[in-house]
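Q: This is a predicted model, with the sequence first.
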Amino acid sequence: MTGAEGILTQQPFRPEGYADRHVDGFIRNIPSSTSRMFPRPDEFGSTRFLKAAVDMAARTEAPEIPNTLPIVPDVPTFLLIIGRGMKKYAEKFPTWDSFWGATSEQLTAAIPLAKDRRYIQDWMRRYRNREYGTAWNLKHIHEGQAILAVYKVPGKKGPGSRVVVNVPAGKTGHTITPEEVHVMGYPYRVKGSKIPCGPHARAFKGHTACIDSWDGLWELPQGEKVDGGERRRKEVRFLRRVAARKALRGAEEGALY
(Lines give C-alpha, C1' and ligand atoms only; values in the text may rest on other atoms or scores of the structure.)
Protein backbone atom coordinates (compact mmCIF):
# COMPACT_ATOMS: atom_id res chain seq x y z
CA MET A 1 0.00 0.00 0.00
CA THR A 2 1.44 3.31 -1.06
CA GLY A 3 1.53 6.38 1.10
CA ALA A 4 -1.31 8.05 -0.83
CA GLU A 5 -3.54 4.96 -0.59
CA GLY A 6 -2.88 4.75 3.13
CA ILE A 7 -4.01 8.34 3.60
CA LEU A 8 -7.24 7.74 1.63
CA THR A 9 -8.17 4.62 3.61
CA GLN A 10 -7.17 6.04 6.96
CA GLN A 11 -10.07 6.53 9.43
CA PRO A 12 -10.76 10.14 10.43
CA PHE A 13 -9.43 11.30 13.75
CA ARG A 14 -12.03 11.11 16.51
CA PRO A 15 -11.13 12.71 19.82
CA GLU A 16 -12.49 11.14 22.94
CA GLY A 17 -16.13 12.09 23.57
CA TYR A 18 -16.83 12.89 19.91
CA ALA A 19 -19.37 11.21 17.62
CA ASP A 20 -20.24 11.34 13.91
CA ARG A 21 -23.34 13.40 13.11
CA HIS A 22 -24.97 14.51 9.88
CA VAL A 23 -25.04 18.29 9.61
CA ASP A 24 -26.34 19.82 6.36
CA GLY A 25 -25.52 16.66 4.42
CA PHE A 26 -21.95 16.28 5.71
CA ILE A 27 -20.52 13.96 8.38
CA ARG A 28 -18.73 15.94 11.03
CA ASN A 29 -17.15 15.12 14.35
CA ILE A 30 -19.31 16.75 17.01
CA PRO A 31 -19.02 16.40 20.79
CA SER A 32 -21.52 13.83 22.01
CA SER A 33 -22.58 16.21 24.78
CA THR A 34 -23.89 18.67 22.15
CA SER A 35 -25.22 16.08 19.69
CA ARG A 36 -28.74 16.53 21.00
CA MET A 37 -28.67 20.03 19.52
CA PHE A 38 -28.71 18.60 15.99
CA PRO A 39 -31.65 16.57 14.60
CA ARG A 40 -31.09 13.18 13.07
CA PRO A 41 -30.76 12.87 9.28
CA ASP A 42 -33.92 12.20 7.26
CA GLU A 43 -34.76 10.83 3.86
CA PHE A 44 -34.06 14.22 2.27
CA GLY A 45 -30.50 14.19 3.54
CA SER A 46 -30.57 17.70 4.96
CA THR A 47 -32.55 19.46 7.67
CA ARG A 48 -32.01 22.76 5.86
CA PHE A 49 -34.03 21.45 2.92
CA LEU A 50 -36.93 20.60 5.23
CA LYS A 51 -36.88 24.05 6.82
CA ALA A 52 -36.94 25.70 3.39
CA ALA A 53 -39.85 23.49 2.32
CA VAL A 54 -41.86 24.38 5.45
CA ASP A 55 -41.20 28.09 4.97
CA MET A 56 -42.25 27.91 1.33
CA ALA A 57 -45.47 26.09 2.22
CA ALA A 58 -46.28 28.77 4.81
CA ARG A 59 -45.72 31.55 2.27
CA THR A 60 -47.83 29.89 -0.41
CA GLU A 61 -50.70 29.07 1.96
CA ALA A 62 -53.94 30.78 0.90
CA PRO A 63 -54.77 33.78 3.13
CA GLU A 64 -57.87 33.64 5.30
CA ILE A 65 -60.96 35.29 3.82
CA PRO A 66 -62.99 36.86 6.67
CA ASN A 67 -66.73 37.29 6.72
CA THR A 68 -68.51 40.53 5.94
CA LEU A 69 -70.22 42.75 8.52
CA PRO A 70 -73.44 44.74 8.17
CA ILE A 71 -71.29 47.87 8.21
CA VAL A 72 -68.77 46.38 5.73
CA PRO A 73 -70.78 44.51 3.07
CA ASP A 74 -68.27 44.86 0.21
CA VAL A 75 -64.77 46.04 -0.74
CA PRO A 76 -65.67 49.64 -1.75
CA THR A 77 -67.34 50.21 1.63
CA PHE A 78 -64.33 48.79 3.48
CA LEU A 79 -61.92 51.05 1.58
CA LEU A 80 -64.25 54.02 2.17
CA ILE A 81 -64.49 53.44 5.91
CA ILE A 82 -60.74 53.17 6.51
CA GLY A 83 -60.33 56.62 4.95
CA ARG A 84 -57.29 58.39 3.46
CA GLY A 85 -58.83 58.17 0.00
CA MET A 86 -58.35 54.42 -0.30
CA LYS A 87 -61.64 54.03 -2.18
CA LYS A 88 -59.80 54.92 -5.39
CA TYR A 89 -58.46 51.33 -5.43
CA ALA A 90 -61.90 49.71 -5.20
CA GLU A 91 -62.14 49.08 -8.94
CA LYS A 92 -59.00 46.94 -8.79
CA PHE A 93 -60.85 44.33 -6.70
CA PRO A 94 -64.23 43.38 -8.21
CA THR A 95 -65.21 40.85 -5.52
CA TRP A 96 -64.72 40.29 -1.80
CA ASP A 97 -62.70 37.10 -2.34
CA SER A 98 -60.41 38.72 -4.92
CA PHE A 99 -59.47 41.40 -2.38
CA TRP A 100 -58.92 39.23 0.68
CA GLY A 101 -57.36 36.40 -1.31
CA ALA A 102 -54.85 38.62 -3.12
CA THR A 103 -51.18 37.75 -2.75
CA SER A 104 -48.44 40.23 -1.97
CA GLU A 105 -47.49 40.45 -5.63
CA GLN A 106 -51.09 41.13 -6.67
CA LEU A 107 -51.48 43.86 -4.04
CA THR A 108 -48.23 45.47 -5.21
CA ALA A 109 -49.47 45.50 -8.81
CA ALA A 110 -52.90 46.89 -7.86
CA ILE A 111 -51.64 49.44 -5.29
CA PRO A 112 -48.28 50.76 -6.53
CA LEU A 113 -47.95 53.45 -3.86
CA ALA A 114 -46.16 51.81 -0.92
CA LYS A 115 -47.65 54.16 1.69
CA ASP A 116 -51.22 53.32 0.67
CA ARG A 117 -50.44 49.62 0.36
CA ARG A 118 -49.01 49.43 3.88
CA TYR A 119 -52.06 51.23 5.29
CA ILE A 120 -54.49 48.87 3.54
CA GLN A 121 -52.50 45.79 4.59
CA ASP A 122 -52.48 47.04 8.17
CA TRP A 123 -56.27 47.31 8.15
CA MET A 124 -56.58 43.90 6.50
CA ARG A 125 -54.57 42.44 9.37
CA ARG A 126 -56.75 44.24 11.92
CA TYR A 127 -59.94 43.06 10.24
CA ARG A 128 -58.75 39.44 10.15
CA ASN A 129 -57.91 39.69 13.87
CA ARG A 130 -61.35 41.25 14.57
CA GLU A 131 -59.81 44.53 15.65
CA TYR A 132 -62.62 46.60 14.17
CA GLY A 133 -63.15 50.32 14.37
CA THR A 134 -65.97 52.51 15.64
CA ALA A 135 -69.56 51.33 15.21
CA TRP A 136 -68.47 47.91 13.98
CA ASN A 137 -71.40 46.29 15.81
CA LEU A 138 -74.12 48.11 13.88
CA LYS A 139 -76.85 45.62 13.05
CA HIS A 140 -79.63 47.58 11.37
CA ILE A 141 -78.52 49.58 8.32
CA HIS A 142 -81.20 50.59 5.81
CA GLU A 143 -80.33 52.40 2.56
CA GLY A 144 -76.97 53.50 3.89
CA GLN A 145 -78.39 54.86 7.15
CA ALA A 146 -78.07 53.54 10.71
CA ILE A 147 -80.57 54.96 13.21
CA LEU A 148 -79.54 55.44 16.85
CA ALA A 149 -81.98 55.98 19.68
CA VAL A 150 -82.03 56.12 23.46
CA TYR A 151 -83.41 53.08 25.26
CA LYS A 152 -84.25 53.04 28.95
CA VAL A 153 -83.08 49.87 30.66
CA PRO A 154 -85.41 49.14 33.57
CA GLY A 155 -83.71 48.75 36.91
CA LYS A 156 -84.54 46.22 39.60
CA LYS A 157 -84.99 48.80 42.34
CA GLY A 158 -84.08 52.17 40.85
CA PRO A 159 -85.13 54.14 37.77
CA GLY A 160 -82.71 52.24 35.52
CA SER A 161 -80.22 53.60 32.99
CA ARG A 162 -80.27 54.97 29.47
CA VAL A 163 -78.15 53.50 26.66
CA VAL A 164 -77.71 54.15 22.95
CA VAL A 165 -79.16 51.41 20.75
CA ASN A 166 -79.29 50.73 17.02
CA VAL A 167 -82.93 50.43 15.99
CA PRO A 168 -84.52 49.19 12.75
CA ALA A 169 -85.82 51.76 10.28
CA GLY A 170 -89.08 53.38 11.33
CA LYS A 171 -88.71 52.61 15.04
CA THR A 172 -87.55 54.51 18.11
CA GLY A 173 -86.32 53.64 21.56
CA HIS A 174 -89.90 53.57 22.82
CA THR A 175 -91.33 51.28 20.14
CA ILE A 176 -88.70 48.52 19.98
CA THR A 177 -89.14 45.24 21.80
CA PRO A 178 -86.56 43.88 24.27
CA GLU A 179 -85.55 41.31 21.63
CA GLU A 180 -84.67 44.14 19.20
CA VAL A 181 -82.44 45.99 21.65
CA HIS A 182 -78.91 46.23 20.25
CA VAL A 183 -76.69 48.30 22.55
CA MET A 184 -73.92 50.24 20.78
CA GLY A 185 -71.59 50.87 23.70
CA TYR A 186 -68.57 53.19 23.77
CA PRO A 187 -68.00 55.78 22.29
CA TYR A 188 -71.72 56.33 21.72
CA ARG A 189 -73.45 57.87 24.72
CA VAL A 190 -76.57 59.75 25.75
CA LYS A 191 -76.34 63.54 25.71
CA GLY A 192 -78.63 64.99 28.33
CA SER A 193 -81.40 62.44 28.70
CA LYS A 194 -82.82 61.93 25.22
CA ILE A 195 -80.24 62.60 22.48
CA PRO A 196 -77.72 59.93 21.33
CA CYS A 197 -74.34 61.22 20.21
CA GLY A 198 -71.04 59.81 19.01
CA PRO A 199 -68.64 59.74 16.02
CA HIS A 200 -70.34 60.56 12.67
CA ALA A 201 -73.76 60.70 14.37
CA ARG A 202 -75.98 63.66 13.44
CA ALA A 203 -79.37 64.73 14.74
CA PHE A 204 -82.29 63.04 13.03
CA LYS A 205 -86.05 62.91 13.43
CA GLY A 206 -87.31 63.39 16.96
CA HIS A 207 -84.86 62.27 19.60
CA THR A 208 -82.87 59.98 17.33
CA ALA A 209 -79.55 60.26 15.53
CA CYS A 210 -78.40 58.98 12.17
CA ILE A 211 -75.09 57.69 10.83
CA ASP A 212 -74.98 58.13 7.07
CA SER A 213 -71.44 59.42 6.50
CA TRP A 214 -69.08 56.44 6.36
CA ASP A 215 -66.02 58.10 4.83
CA GLY A 216 -63.11 57.82 7.28
CA LEU A 217 -65.13 56.28 10.12
CA TRP A 218 -62.23 53.93 10.90
CA GLU A 219 -59.43 56.20 9.73
CA LEU A 220 -56.29 56.04 11.86
CA PRO A 221 -54.76 59.41 12.81
CA GLN A 222 -51.51 60.35 11.14
CA GLY A 223 -48.55 61.74 13.03
CA GLU A 224 -47.23 65.25 12.46
CA LYS A 225 -43.64 66.05 11.59
CA VAL A 226 -41.97 68.21 14.21
CA ASP A 227 -38.76 69.98 13.16
CA GLY A 228 -38.34 67.90 10.02
CA GLY A 229 -39.30 64.56 11.54
CA GLU A 230 -37.16 62.01 13.38
CA ARG A 231 -34.51 61.78 10.65
CA ARG A 232 -33.78 65.51 10.31
CA ARG A 233 -34.73 66.77 13.77
CA LYS A 234 -31.18 67.12 15.11
CA GLU A 235 -29.96 68.82 11.96
CA VAL A 236 -32.87 71.27 11.82
CA ARG A 237 -32.53 72.22 15.48
CA PHE A 238 -28.75 72.63 15.14
CA LEU A 239 -29.12 74.96 12.14
CA ARG A 240 -31.76 76.89 14.05
CA ARG A 241 -29.38 77.42 16.98
CA VAL A 242 -26.61 78.51 14.59
CA ALA A 243 -28.92 81.06 12.97
CA ALA A 244 -29.97 82.35 16.40
CA ARG A 245 -26.34 82.80 17.49
CA LYS A 246 -25.50 84.64 14.26
CA ALA A 247 -28.45 86.96 14.74
CA LEU A 248 -27.46 87.62 18.37
CA ARG A 249 -23.82 88.26 17.38
CA GLY A 250 -24.91 90.66 14.66
CA ALA A 251 -27.13 92.54 17.08
CA GLU A 252 -24.28 92.86 19.60
CA GLU A 253 -21.84 94.11 16.95
CA GLY A 254 -24.41 96.62 15.70
CA ALA A 255 -24.87 97.90 19.23
CA LEU A 256 -21.09 98.49 19.61
CA TYR A 257 -20.90 100.59 16.50
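A: In hand now; what should we look at? Numbering: from 1, shown residues only.

Q: Can you pull the poorly scored residue ranges out of the chain?
A: Where the chain drops to pLDDT under 70, the residues are 1-62, 155-160, 173-175, 177-179, 257.

Q: Kindly recompute the last result at 80.
A: Within the chain, the ranges that satisfy pLDDT under 80 run 1-63, 152-161, 169-185, 192-194, 205-207, 223, 254-257.

Q: Spatially central residue in it, please.
A: Nearest residue to the geometric centre of the chain (C-alpha atoms, centre = their mean): Asp122, 3.3 Å.

Q: residues contacting that one?
A: Going by C-beta atoms under 8 Å, 6 or more residues apart in numbering, Asp122 touches Leu220. (Each C-beta comes from the backbone N, C-alpha and C, glycine too.)

Q: how near is it to Glu105?
A: 18 Å (C-beta to C-beta, to the nearest Å).

Q: picking that back up, would the residue nearest to the centre of the chain count as being in a helix?
A: Yes - assignment of Asp122 by DSSP: H, G, I helix; E, B strand; the rest coil places it within a helix.

Q: Renumber starting at 37 from here on
A: Happy to do that; since the first residue is 37 now, the last one works out to Asp158.

Q: That one and Ile212, how far apart?
A: 37 Å.

Q: same deal with Asp263?
A: Distance from Asp263 to Ile212, by C-beta to C-beta: 54 Å.

Q: neighbour-wise, which of these two wins?
A: Counted by other C-beta atoms under 10 Å, Asp263 and Ile212 do not tie: Ile212 has more neighbours, with 18 against 12.

Q: in the sheet, who's paired with the closest residue to the more buried one other than its chain neighbours?
A: With C-beta to C-beta, 6 or more residues apart in numbering as the criterion, Ile212 has its nearest non-adjacent residue at 5.3 Å, and that residue is Val203. Per DSSP bridges, the residues bridged to Val203 are Ile183.

Q: Now for Val203, how many residues are close by?
A: When neighbours are counted by other C-beta under 10 Å, Val203 comes out with 23.

Q: pretty sure it is touching Ile183, no?
A: Yes - the criterion here is C-beta atoms under 8 Å, and Val203 meets it with Ile183 at 5.3 Å.

Q: between the two, what contacts are shared?
A: 176, 244.

Q: any idea where the helices of the stretch 137-286 of the chain begin and end?
A: 140-146, 150-164, 265-292 (DSSP state H, counting those that start in this stretch).

Q: how does this structure divide into domains?
A: 51-96, 111-164, 182-247 (automatic domain parsing).
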